[in-house]
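Enquirer: here's my sequence, what's the structure:
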Amino acid sequence: MALQIDKTLDNGLVASYWRVSQINSSFNGDDSPVLHVTVQGSHDASYREAGSVVDSHVFQLDAGDFCDSTVGISGVGPGWNGLLTGAANDIRPVVYDWLKANDGGAIQNGGFISGAADV
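Expert: Next comes the predicted model:
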């Protein structure tokens with residue numbers, strides 16, 4: 001799975017295909033979990049299939065980024081346990097959905113993946 005959205009790089013090259021290459025977790029100062037998601041961009045589908053990367057970004061997702069109206073962490077969402085359980089041991093689809101919906105409210109890397117299409 002990957003996301004498709006064009007981003008013009010500083011060198012003028014356009015990266016169009018973005019995939020989650022790595023997800024790491026850590027804890028911030030108040031012991032709440034944080035995900036560090038590395039997203040790598042390729043020029044086009046053939047570059048992606050060959051594993052050629054032309055750009056890379058790291059997004060930091062706090063537990064609250066996945067919250068909904070149900071009770072959970074701080075009473076505002078399902079928390080990480082619910083996220084992992086609901087993701088059937090693969091959280092990448094949930095992370096891709098978050099990246100696509102990131103409209104700049106949690107501006108990281110310019111929110112450039114907002115509105116991307118699945119490919």
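Enquirer: only C-alpha atoms from now on, for both contacts and neighbour counts.
Expert: OK.
Enquirer: report the contact partners of Leu61.
Expert: Going by C-alpha atoms under 8 Å, 6 or more residues apart in numbering, Leu61 touches 34-37.
Enquirer: ramachandran angles for the residue lying closest to Asp118 once chain neighbours are set aside?
Expert: Distances taken as C-alpha to C-alpha, 6 or more residues apart in numbering put Leu3 closest to Asp118, at 4.7 Å, once the chain neighbours are dropped. Dihedral angles of Leu3 (phi, psi; degrees, to the nearest 10) stand at phi -120, psi 150.
Enquirer: hey, what's Leu3 bridged with?
Expert: Under DSSP bridges, the beta-bridge partners of Leu3 are Trp18, Asp118.
Enquirer: what do you get for Thr8?
Expert: Beta bridges link Thr8 to Val14, judged by DSSP bridges.
Enquirer: ok, His43 touching Val54?
Expert: Yes. Proximity of His43 to Val54 meets the contact threshold set by C-alpha atoms under 8 Å, at 6.7 Å.
Enquirer: returning to that earlier point: just the ones in strands from the contacts of Leu61, please.
Expert: Within these, residues falling in strands by DSSP state E are 34-37.
Enquirer: could you list the buried residues of the longest helix along the chain?
Expert: With secondary structure taken from DSSP state H, the chain has its longest helix at helix 92-101. Applying a neighbour-count criterion of 16 or more other C-alpha atoms under 10 Å, one finds 92, 95-100 buried in helix 92-101.
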